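Asker: pasting a predicted model and its sequence here:
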Amino acid sequence: MGHYLLRRLLIALPSLIGISVVLFTVLALAPGDPFSEMVQNPNVPPEAVANLRAQFGMDDPVWQRYFRWAWAMLNGNWGFSFISRIDVDQLILGRLPVTLVVIGASQVLALLIALPVGVISAARPYSWFDRIASTFALIGFSLPTFFTGLLLILLFSIKLDWLPFVFRADISATGWEWWRQNILQAIMPVTVLGLLQGASWTRYVRSAMLDVIRLDYVTTARSKGLREYAVIMKHVVRNALIPVVTLVALTMPQVFGGAIVTEQIFRVPGIGSLLIDAILRNDTPVIMAVTFVFACLVILFNLIADVLYGWLDPRISYR
Amino acid sequence: MKEAELRALIEDVRTEKLPRRRFIERLVGLGLTAPMASMLLMHAGVAQSQPAPVYKPTKRGGGGALKTLWWQGPTLLQPHFANGTKDQEGSRVFYEPLAVWDNDGNLVPILAAEIPTPQNGGVLEGGKVVRWRLKKGVTWHDGKPFTADDVVFTWEYARDPASACVTIGVYKDVTVTKVDDLTVLVSFKKPTPFWATAFVAAEGAIIPKHLFGPYAGAKSRDAPTNLKPVGTGPYVFVDFKPGDIVLGAINKNYHMPNRPYFDTIEMKGGGDATSAARAVLQTGEYDYAWNLQVEDEVLKRMESGGKGKAHIVPGGDIEFLQVNITDPWTEVDGERGSVKSKHFAFSDPKVREAMSLLCDKKSMQEFIYGRTGFATANFMNNPERFRSKNTKWEFNIDKANALLDGAGWKRGADGIREKGGKKMKFVYQTSINGTRQKEQAIVKQAAQKAGIDLELKSVSASVFFSSDVANPDTYGKFWADIQMYTTTMTAPDAERFMDQYKSEEISQKANKWSGRNICRYVSAEYDKLAAAGSSELDPVKRAAIYIKMNDMVVNEFIVIPLISRPRVRGGNLKLVTTLSGWDLDFSALQNWYRESSPG
């Protein structure tokens, strides 16, 4: 096991280097300029912009910039934002709590929907419940978030005036009022994301269940005279969940990566909106840091999923 | 407009035959800025009109929260590092300049005790030295007194190239000296008719010496105050998340009586213009929204919600066409669009004139912009026309056809005109933006009727407006026949705006296409005027020169102005703002309040 882990980690290293090289080169080759707004402004003399470029080392060749970045990253320095003129880790840390809460809550919501609905659907395949659930699941994952988001805003904010549609990370109220306001403003973004994720997970849970439910040992359990509830919960769900756990683990990096579209619609100050702003403003250090951290998390959670898989199913061995 | 006419007009204002406001409107129509027109009057000894803003609240605070939406949130709060307006606005909540421009182009004192004028001895040696008296008893948010040392320090800080300030252009050529604790002298190298640049408006914010002092020069990026501003403004700093939110609370020691009205201020960033308009106009969730680039029809529909209304503030933004007089398609001396080359069609002024006749500005205004844009018929034209209600600019396909026939362009079998084997096919580029693509379609339709085939090209805004030397599609390279965008008169003084078509400003390979003369217009007369304008001491003569320079580029159809675009902001029905088209939205933030009943 330890040997396996070590080998996997060693394999991860070149992939990380590869990813960082690709990211850096693509960003360096991409058109655009973080100071374009200034270049357009005739009152800002070109020297001032040239000065800034020099200060941020933007005129050096790409490979030099890459090594400087890589060395700084190794030393824990994530870079310095061109646009905000502060350290990138500070920017990311400022966005992290909201992202974790909103995306985390939506994943929990998704699980809360997917598990029971998927299990019940599979237990009674092609029943009315299964048909209705399947229809909704199909609609759920076919509708893009920008559509469902706008729909919810139109209904709950504009027609009914129940929920605010601008998400604020700084709510000055205290005590219960603080909780109330936070929950109210989180309802729509969490629902939008949760339903989308929940719909696709429902399908996975259902099909994983159906794969297991046909197996002989389930028939044996039934013929033993066990109650149906015990058969499903103890014998089927447990085994069916193995692939689902892997799947959920693999989507975990998303919790950190944020949800670009939904965050933009509801003005949630998450990492997704930080990333898209940085891209629009060509703030390379921020783009680099966010995407690279995201890449690291994907690799890490892949590894965790693999390890989990073996732990859940001892038949899988590590060699 | 000649110098004599200008003088006569100024005299009319002095003798009160012409209202001050009309004078300013007229000069704005000539392509000058309101602040510049106002400075002309000031030099002539006409007192500024001081329309004391109606401010009803009789005590400080008690107004609750002021919630504003900026779909581009501020990314930093150091006014001298500002990447754009959004950052200047965010900084302006906390920092203040000595004076700001109001909507009529008046200078209004903020940290200054009075506006310097030749009459009160504030403007000396014809504008070579300006003496600013500072307001007494102003304190920084941390309680330290505000003095002349802070003003001098701000100058030293901003002019130091190592600080990497974007305001360096304003401060590098002036000298600031302290006379006493409440007086500073700003000296220019030569008499400067338009002296209200340093310490005025967006680029004039004063920063505290005691906090930034240790971080001047190369250490500028490490100053903790960069992120936690301490200024003299109406609100004190509470919290800031770059790109997301700026929070401020009432400054209990603010230096103006009964101000500010609101207890807290919030600037929320992110999202898009349409949903910002919705939050202010339709649901009333927010009080104020910046820059609503939304179609007028949509705005009107939202306004019918009855929560807010759109404020339309005239300013200096003009959507215009540039016509390439060089050849963008063949390389001459290793560069496309070289000054040495000639455009196969546009080098003929008749063809350019025909092009301008094909711009249906009226349809653009009616069908695209509505209240949010006006056809700029006479902008930069003579005053007779400007005065006339019956606008003289023409949309006339027949006349364009006649001009092209006369210039020897004959229609071919396919209906496209040609001359000497060259077909009239032009590439017409602009940035990707719904409105712009509609404008392109309007021009294309008319051009087709005149036998001109326009190929419409739209480039992503982040590429089009970048200074990327390697990219062929930037507006600075202008490797197309026609291009369109909005030019902004960012500075209150028109000099930098007016001299952009000088030949030394030509955008070309030698200066990495950073020159501002993008049309690559070369005119010895224009250059001479530009030189004369920059050294002219008499403000009236100077204004006359700039008007003439503008007439040249417009009448030679190097640029074709289309639509004058006012600023569009959204405000709650009860919110009373003092917006200026010549300064920041927050330039008079201290005067904002909420009516108790909708007025």
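Answerer: Done, it's in.

Asker: and stretch A:183-202, what's buried?
Answerer: For stretch A:183-202, the buried set under the neighbour-count rule, 16 or more other C-beta atoms under 10 Å in any protein chain shown, comprises A:185-202. Quick note: C-beta positions are derived from backbone N, CA and C, even for glycine.

Asker: mind listing which of those are in helices?
Answerer: Within these, residues falling in helices by DSSP state H are A:185-202.

Asker: could you find the closest non-adjacent residue to residue B:18?
Answerer: Leaving out its chain neighbours, the residue that sits closest to residue B:18 by C-beta to C-beta, 6 or more residues apart in numbering or on different chains is residue B:12, at 3.8 Å.

Asker: is the one you found in a helix, a strand, or coil?
Answerer: Three-state assignment for residue B:12 (DSSP: H, G, I helix; E, B strand; the rest coil): helix.

Asker: who's in contact with residue A:8?
Answerer: Taking C-beta atoms under 8 Å, 6 or more residues apart in numbering or on different chains, we find residue A:8 in contact with A:303, A:306.

Asker: go with 6 Å
Answerer: residue A:303 (C-beta atoms under 6 Å, 6 or more residues apart in numbering or on different chains).

Asker: for chain A, what are the nearby residues on the stretch 201-350 of chain B?
Answerer: Residues of the stretch 201-350 of chain B that fall close to chain A, judged by C-beta under 6 Å from any C-beta of the partner chain: B:221, B:239, B:241-245, B:247, B:270-271, B:279, B:283, B:285.

Asker: now the helices for the stretch 101-250 of chain A?
Answerer: In the stretch 101-250 of chain A, the helices defined using DSSP state H, counting those that start in this stretch lie at A:128-142, A:145-152, A:175-213, A:216-223, A:228-230, A:238-257.

Asker: mean pLDDT lowest for which of these?
Answerer: Confidence, taken as mean pLDDT, is least for helix A:238-257 of the helices of the stretch 101-250 of chain A (a mean of 81).

Asker: what does the stretch 101-250 of chain A put close to chain B?
Answerer: Counting by C-beta under 6 Å from any C-beta, the stretch 101-250 of chain A sits next to chain B at A:157, A:164, A:166, A:170.

Asker: how about 8 Å then?
Answerer: Proximity of the stretch 101-250 of chain A to chain B, by C-beta under 8 Å from any C-beta of the partner chain, involves residues A:153, A:157-158, A:161, A:164-166, A:168-170, A:172.

Asker: run through chain B and note the low-pLDDT ranges.
Answerer: Regions of chain B meeting the criterion pLDDT under 70 cover residues B:1, B:29, B:31, B:48-53, B:377-393, B:467, B:489-491, B:597-599.

Asker: burial measure for residue 116, as a count.
Answerer: Went with chain A since none was named. Other residues within reach of residue A:116, judged by other C-beta atoms under 10 Å in any protein chain shown, total 13.

Asker: switch to chain B, please.
Answerer: The number of residues near residue B:116, taken as other C-beta under 10 Å, comes to 25.

Asker: cool, and residue A:73?
Answerer: Neighbouring residues of residue A:73 were enumerated by other C-beta under 10 Å; the total is 16.
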